[in-house]
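# return a 3D structure for these sequence lines:
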Amino acid sequence: MTVTSRSRLSEIAAYVVAALVSLLAAGWALQVWRADLSVPFVYGGDALFTGAFTKGLIEHGSAVANPSIGAPGTGSLLDYPTVDAVHQFALRVLGWLTGDVSAAINLYFLLGFALTAVVSVAVLR
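Now for the predicted structure:
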């Protein structure tokens, strides 16, 4: 193993350790072992909008048009600022993997801790 590959492995290990430590700390602080991922962590305020947004994204493939809300027509979010395509893609993948809107939102929230830790290590290095 060369010196550059060793240093590369140590860099990758730093990112993995940071992500795991942040997930463990968040899991301990939030007591996720008690949580049911199919139940929203928060049910009020902006979480209701996020739930409707994500449900439309996962079930209908559109972040701005949701036929499940807005009776008698279709709910339209064209006048509201929404997240970019990267976040929409991540929510769609999590929704596809879990099959549940609430679980997708909860996992997206928890994975935010790991992503923040990885980016922080990159910036601080």
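
# what about the chain, any weak spots by pLDDT?
1, 3, 83 (pLDDT under 70).

# what segments of it are helices?
For the chain, helices defined by DSSP state H occupy the ranges 3-30, 46-60, 85-98, 101-124.

# what's the separation between Gln88 and Ala114?
19 Å (Cβ to Cβ, to the nearest Å). (Glycine included, C-beta is placed from N, CA and C.)

# and if you look at Ser10?
Counting by Cβ to Cβ, the separation of Ser10 from Ala114 is 19 Å.

# of those two, who's got more company?
Using other Cβ atoms under 10 Å as the criterion, Ser10 and Ala114 rank with Ala114 on top: 18 against 9.

# just to check, that one is in contact with Ala25?
No. Here Ala114 lies out of contact with Ala25, judged by Cβ atoms under 8 Å, at a distance of 10.4 Å.

# who touches the residue nearest the centre of the chain in this structure?
A centroid search over the chain (Cα atoms, centre = their mean) returns Tyr108, at 1.7 Å, as the residue closest to the centre. Tyr108 makes contact with Ala90, Leu91, Leu94, according to Cβ atoms under 8 Å, 6 or more residues apart in numbering.

# go again using 6 Å as the cut-off
The contact partners of Tyr108, by Cβ atoms under 6 Å, 6 or more residues apart in numbering, come to Leu91, Leu94.

# repeat for Leu97
Applying Cβ under 6 Å, 6+ apart, no residues contact Leu97.

# how close does Gly73 get to Pro67?
8 Å.

# neighbour count winner among these two?
Pro67 (13 against 8).

# what sits closest to that one if chain neighbours are left out?
Counting by Cβ to Cβ, 6 or more residues apart in numbering, Pro67 lies nearest to Thr74, which is 4.7 Å off, once chain neighbours are set aside.

# next: Glu11.
Closest to Glu11 by Cβ to Cβ, 6+ apart is Arg125, at 7.6 Å.

# for Phe109, same thing?
Phe109 sits nearest to Phe41 (Cβ to Cβ, 6+ apart), 6.5 Å away.

# can you list phi and psi of the one you found for me?
With angles defined as degrees, to the nearest 10, Phe41 sits at phi -60, psi -40.
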